[in-house]
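> this one's structure only:
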């Protein structure tokens, strides 16, 4: 990429070590991710403050019926991040077939995660006494806590992340369509790299959410 500056000729940014290979699209995505990270930070900090000030905050492991499913969801999402790396690598090598294969697996990873999250929500609604605004555990659980803040913050944080997974998966689908049309065959893999940045961010945030909300 180059631009013209009056009376000073052409400036080629890729040759400038100050700019490196950071395209305007990548810079814009990084800026968006920084602001989005602040949103997630606000959610997690608020969760921590409310939990520290509550007298009867439920034990997340017991309240959520264990962490087996959420642990598998974490592993599943990490695998989708790995397949995204392979897809970008195949795109750089000009191998459309492999790029689409790995990108398709990443899309499956996104939709699979969402399906597991829906299943988890249904389990929490019907079996664990949780709703978006209240938490009333069954008497058989032996838990007296009815801290509604736990339920509200849990669904707010995980739901906000789920929205990002849905957005990212649709983003991946758009890249798949472009790839199938051969738009990346000419070596222009910038768009799929930008998509990869967003997907890796979504994966990283889930690891933090899983740690703070499910485990601690």
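In hand now; what should we look at? Predicted model only: the values in this text are computed from it and were never measured.

> CA only for contacts and neighbour counts going forward, please
Will do.

> The chain: helices as residue ranges?
In chain order, the chain shows helices spanning 24-53, 60-63, 68-92, 96-127, 148-180, 190-209, with DSSP state H as the criterion.

> Can I get those helices in JSON lines including mean neighbour count and mean pLDDT?
Supplementary listing: these in JSON lines, determined by neighbours: other Cα atoms under 10 Å; pLDDT from 0 to 100:
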{"stretch": "helix 24-53", "mean neighbour count": "14", "mean pLDDT": "90"}
{"stretch": "helix 60-63", "mean neighbour count": "17", "mean pLDDT": "79"}
{"stretch": "helix 68-92", "mean neighbour count": "19", "mean pLDDT": "93"}
{"stretch": "helix 96-127", "mean neighbour count": "18", "mean pLDDT": "92"}
{"stretch": "helix 148-180", "mean neighbour count": "18", "mean pLDDT": "92"}
{"stretch": "helix 190-209", "mean neighbour count": "19", "mean pLDDT": "94"}
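
> what's the closest of those helices to residue 216?
For the helices of the chain, distance to residue 216 was read as Cα to Cα. The smallest value, 7.9 Å, belongs to helix 60-63.

> Please tell me how far that closest one is from the chain's geometric centre.
Relative to the chain's own centre, helix 60-63 is displaced by 23 Å; criterion: Cα atoms, centre = their mean, to the nearest Å.

> got it, and stretch 191-207?
Taking mean C-alpha positions (Cα atoms, centre = their mean), stretch 191-207 and its chain are 7 Å apart.

> what residues does that stretch touch?
Stretch 191-207 is contacted from outside by 25-26, 29-30, 33, 40, 74, 77-78, 81, 84-85, 88, 161, 164-165, 168, 171-172, 175, using Cα atoms under 8 Å, 6 or more residues apart in numbering.

> Between the helices of the chain, which one is closest to residue 215.
Comparing the helices of the chain by their distance to residue 215 (Cα to Cα), the top pick is helix 60-63, with 6.9 Å.

> could the helices of the chain be laid out in a markdown table, adding distance to residue 216?
Written out in a markdown table, the entries for these read as follows (distance: least, Cα to Cα, whole Å):
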| stretch | distance to residue 216 |
| --- | --- |
| helix 24-53 | 10 |
| helix 60-63 | 8 |
| helix 68-92 | 13 |
| helix 96-127 | 19 |
| helix 148-180 | 13 |
| helix 190-209 | 10 |
